[in-house]
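Peer 1: Sharing a sequence plus its predicted fold:
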Amino acid sequence: MEEKSKEKDFDKILLCLILILVVVGLVFLYSTSAYNGRVKFHDSAYYFKKQLFATSLGLMGMYLVSCMDYHLLVRFAPFFYVISLLLSLAVLLFGDEYNGSKRWLSIGPLSFQPSEFAKVAVILLLTFILIRTDEKKQGIGYMIRTMAILLPIVGLVGTNNLSTAIIILGIGVILIFVSNPRYLPFIGIGAAGIIFIGIFLSMASYRLERLAIWRNPEAYEKGFQTIQGLYAIGSGGIFGKGLGSSLQKLGFVPEAQNDMIFSIICEETGLAGSWFLIFLFAILIWRLMVIATHARDLCGELLAAGIMGHIAMQVILNIAVVTNTIPNTGITLPFVSYGGTSVLFLLGEMGLALAVSRDSYSG
């Protein structure tokens with residue numbers, strides 16, 4: 001009986017990290033979004049309330065998913081993938097346009113981003129495929145065919161959201177590598193990925209423009225956001241100006257509560273606060289890696305590795321964009337940036353990771 005009760009324990013370190021990140025994210029979001037909320041909606045807590053509601057739903061969803069048998073969810077992966085394709089197609093046909101991109105679907109008063117669901121669907125689908133793979137099929141040809149399965153969703157999502165398309169491709173590479181860790185075939189996959197991204201960049205002039213803005217933001221009007229974000233980072237110093245004391249969020253960094261929130265965190269909490277946040281993400285990624293390593297079966301290992309890859313790529317891409325290390329791609333910072341759909345599905349992924357840890361650990 002004692003052994004059975006121990007097996008039902010979640011990974012307490014992961015659970016604590018999730019709750020800390022959720023609370024820290026809400027605090028930073030309120031501090032960053034209060035000005036915009038007051039100006040646009042006459043309510044300084046407008047964005048905070050919406051994010052708190054989505055987070056509450058996400059935490060309930062996380063608990064429900066963590067109590068489920070993750071093998072059952074993987075069995076329905078093809079169905080989830082088809083749903084994600086249909087939703088992504090619906091975005092292109094009926095989606096709401098915001099800042100020049102169609103990424104949202106509205107159902108009555110509610111709106112959501114199907115691309116966030118697509119990330120989870122891809123992790124489940126690749127797990128479904130790879131756990132059924134015969135060892136003899138694990139050559140370069142099979143890897144390419146497996147990646148090709150992702151091309152429909154990558155094409156649909158990438159039309160208006162290149163960064164999410166890159167993350168989906170990255171998840172695919174990580175999961176194939178985990179299931180078959182041979183280095184040589186990934187040179188070919190990497191080359192194909194670079195070519196694919198290059199084609200996507202050349203298909204729309206605004207993406208090529210982003211490359212030019214990245215190289216010289218001062219020369220372009222659209223480089224204003226990048227420059228102001230860098231001003232915010234530089235003015236924060238070591239300990240920052242204090243929570244709520246940012247100047248750049250007062251309209252200088254447009255929509256500061258979204259993709260550029262890390263720059264405001266740097267301004268208000270300085271190098272110390274930004275490194276603390278990065279440290280929390282690093283520990284979260286490490287813990288997901290531990291769960292993947294100790295998973296009871298390949299199914300759990302792939303799920304945890306896919307979630308780890310998703311979080312790692314999204315954190316790295318967001319911080320790289322804010323610091324102008326890479327061109328602006330419009331990617332959010334997990335648990336921190338404003339976005340109800342994002343936090344909802346992120347917490348769902350955390351529920352999957354907790355379910356894997358519960359099934360794997362005996363104490």
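Peer 2: Arrived safely.
Peer 1: Going by C-alpha atoms from here, please, whenever you check contacts or count neighbours.
Peer 2: OK.
Peer 1: Run through the stretch 151-300 of the chain and note the low-pLDDT ranges.
Peer 2: Applying pLDDT under 70 to the stretch 151-300 of the chain picks out residues 181-190, 192-193, 196-209.
Peer 1: For it, which segments count as strands?
Peer 2: Assigned by DSSP state E, counting those that start in this stretch, the stretch 151-300 of the chain shows no strands.
Peer 1: Residue 324 versus residue 122, what's the distance?
Peer 2: 29 Å (C-alpha to C-alpha, to the nearest Å).
Peer 1: Excluding chain neighbours, what is closest to residue 156?
Peer 2: If the residues on either side of it in the chain are set aside, residue 156 comes closest to residue 88, at 6.0 Å by C-alpha to C-alpha, 6 or more residues apart in numbering.
Peer 1: before we move on, the earlier item: please say which of residue 122 and residue 324 ends up with more neighbours.
Peer 2: Higher neighbour count among residue 122 and residue 324: residue 122, with 24 against 18, using other C-alpha atoms under 10 Å.
Peer 1: For the more buried one, list the residues it contacts.
Peer 2: Contacts were defined as C-alpha atoms under 8 Å, 6 or more residues apart in numbering; by that measure residue 122 touches 81, 150, 168, 171-172.
Peer 1: cool, residue 244 as well?
Peer 2: 31-32, 268.
Peer 1: Mind putting the residues you listed into JSON lines with neighbour count and distance to residue 242?
Peer 2: Formatted as JSON lines, those follow (neighbours: other C-alpha atoms under 10 Å; distance: C-alpha to C-alpha, whole Å):
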{"residue": "31", "neighbour count": "22", "distance to residue 242": "10"}
{"residue": "32", "neighbour count": "34", "distance to residue 242": "12"}
{"residue": "268", "neighbour count": "30", "distance to residue 242": "5"}
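Peer 1: Which of these fall in helices?
Peer 2: Using DSSP state H, 31-32, 268 are the members of the contacts of residue 244 that sit in helices.
Peer 1: need those residues in CSV with distance to residue 129, can you?
Peer 2: Below are the ones in helices among the contacts of residue 244 laid out as CSV (distance: C-alpha to C-alpha, whole Å):
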residue, distance to residue 129
31, 43
32, 42
268, 46
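Peer 1: Which residue, other than its chain neighbours, is closest to residue 248?
Peer 2: In space, residue 248 comes closest to residue 232 once its chain neighbours are excluded; the distance is 6.0 Å by C-alpha to C-alpha, 6+ apart.
Peer 1: Verify the stated contact: the one you found with residue 271.
Peer 2: No: if you go by C-alpha atoms under 8 Å, residue 232 and residue 271 don't touch, sitting 11.6 Å apart.
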